Structures are given as structure tokens and as C-alpha cells.
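Asker: Make a model of this:
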Amino acid sequence: FRMIRGETSPEGGSITIGKGLKIGSVAQEAPGGPETLLEVVLAADVERTALLDEAEHATDPNRIAEIQTRLVDIDAHSAPARAAMILHGLGFDAAAQARPCSSFSGGWRMRVALAAVLFAEPGLLLLDEPTNYLDLEGTLWLMDYLARYPHTVLVISHDRDLLNTSVDQILHLDQAKLVLYRGGYDQFEKLRTEKQMLLQKMAKKQDEERKHLQAFVDRFK
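Answerer: Residues are numbered from 1 along each chain as shown. Modelled structure (predicted):
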């Protein structure tokens, strides 16, 4: 993930990111300032925040028109409702959403960080063990949300239920090689087991052929 975000370089090869692709991941440090939960999540949409700020000070009629048009294009006016919906799904009721981040524990603030990146809706969403800080209700909500996410999600997780419900491809790293499997985790295990059995049968057949050829060589010199 750090290589994808450009925070570190690979020892070999290269990583190519599509031009203009917006990449998002959960902040390493949980938000803990005086801002309300809703304010923190809304601020994650950087473009919307910048446009609203500019709209308050813009004087050029043409620029004002451009700002308003862009705000309509990105559905900015429904943003508070969308942010509230995500926070509610992760366990925050209306009263909690109006409280400052600093009033919550670290685990709950990490939920806010998760809500913020989900709200930003990046073209490539990177999630590392996203259910670690969630209870069962929050986990079920996240599974459903990710299954319907309109862009690409790359997930690192040990949660098999999440990988069965929300994922349609498994990338398996084994002996320095990557193999892509279609389906959720159970389907991956089934296909991988079948592949291993097939490889074992092929190896046994090759070994039998080798022994047969060796016997022929030994007999006829």
C-alpha cells in the first residue's frame, strides 16, 4: 500500500498509476480535534470544501457560475446527508455525529477516519484490515457498502466473511508469485485446492514417466 501511495519505492520493477486516479486510504492517525464527526467527514471531500470556501469570497460572476455548476456536478448539496448515512452505518447516531472527535476513544475515532475515506469515494480505495475497529453491526454494514462500492477497492484482510461477501477477486501471493482467482475467499480456497491436487497428479505422472525412461536407459545402455 505504501508503494501504491508513493511513500516508498519497490526494490525492483515499477508501479504505474492511471493519470488523475484518486487514491484513498484510512488515515494512520485518528482525528481528534474539536471538529464534530460530521465536519471531519465532510472535510474529506477536498474539492467540495475548497469550492464552498471560494464561493463565500468569489466576486467574479463567471467564476461564481463555474463554482455553482461544479457543486451541482459533484452533488455537493446532498453531501451532509451522505456523510451522516455513512457515520450512522458505522455506529454513530445523530447526537454522536454532532459531538467533537476529541470526546471519543481511539477506536471510535478510527471509525471516523474510515467514514471519511468512504465519503471521499476515491477511484482506488485501499483498506487494511478495515473491520478491526468495528462491532458486528458495523462490520455487516461495511460488507454491504463495499459490495456496492462504485469504484475499485483493494483490501488486505483476515476476515473471511468480509472476503466472501464484498470481494470478487483474490490475489494470492505464494513463493514470490501472484495468482489472481475469481470469486470470494471460499471459492479461492476451493480452486486453489483443486489446482494443488492437479499439480500433484501431474508431478506423480512425470515421476512415473521418468522412472520408466530410466529403466529403459538402464536396460539398453
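
Asker: ok, now which ones touch the nearest residue to R182 once chain neighbours are set aside?
Answerer: Leaving aside its chain neighbours, R182 sits nearest to Q169 (6.0 Å; criterion: CB to CB, 6 or more residues apart in numbering). Where C-beta positions appear, they are placed from N, C-alpha and C, glycine not excepted. Residues counted as contacts of Q169 (CB atoms under 8 Å, 6 or more residues apart in numbering) are L180, Y181, R182, G183.

Asker: The first one: what's it in contact with?
Answerer: Contact criterion CB under 8 Å, 6+ apart gives Q169, I170, L171, H172 as the residues in contact with L180.

Asker: Try it again at 6 Å.
Answerer: By CB atoms under 6 Å, 6 or more residues apart in numbering, L180 lies in contact with L171.

Asker: Describe which strands the host helix or strand of it pairs with in its sheet and in which direction.
Answerer: The secondary structure element spanning L180 is strand 177-182 (assigned by DSSP states H and E). Strand 177-182 has the following sheet partners, assigned by DSSP bridges: strand 169-174 (antiparallel).

Asker: still on that earlier bit, let me know the closest of the contacts of Q169 to R82.
Answerer: Comparing these against R82 with CB to CB places G183 closest, at 30.2 Å.

Asker: how about the helices in the chain?
Answerer: For the chain, applying DSSP state H gives helices covering 37-43, 46-57, 61-73, 79-89, 94-97, 106-120, 136-147, 160-165, 185-220.

Asker: quick check: mean pLDDT across the last one?
Answerer: Taken as a whole, helix 185-220 has a mean pLDDT of 88.

Asker: And stretch 23-35, by the same measure?
Answerer: What stretch 23-35 shows for mean pLDDT is 87.

Asker: Now do the contacts for the closest residue to S25 other than its chain neighbours.
Answerer: Spatial nearest neighbour of S25, excluding adjacent residues (CB to CB, 6+ apart): L126 at 4.0 Å. Residues in contact with L126, defined by CB under 6 Å, 6+ apart, are F1, S25, L154.

Asker: and the first one, what pLDDT?
Answerer: Which is F1. 90.

Asker: tally of neighbours for it?
Answerer: Per other CB atoms under 10 Å, the neighbour tally for F1 reads 13.

Asker: Please apply the same query to E129.
Answerer: By the criterion of other CB under 10 Å, E129 has 13 neighbours.

Asker: Leaving out chain neighbours, which residue sits closest to it?
Answerer: S157 (5.7 Å).

Asker: What's the local residue count around that neighbour?
Answerer: A count of nearby residues for S157, using other CB under 10 Å, gives 17.

Asker: Distance of it relative to L134?
Answerer: Here S157 is placed at a distance of 12 Å from L134 (CB to CB, to the nearest Å).
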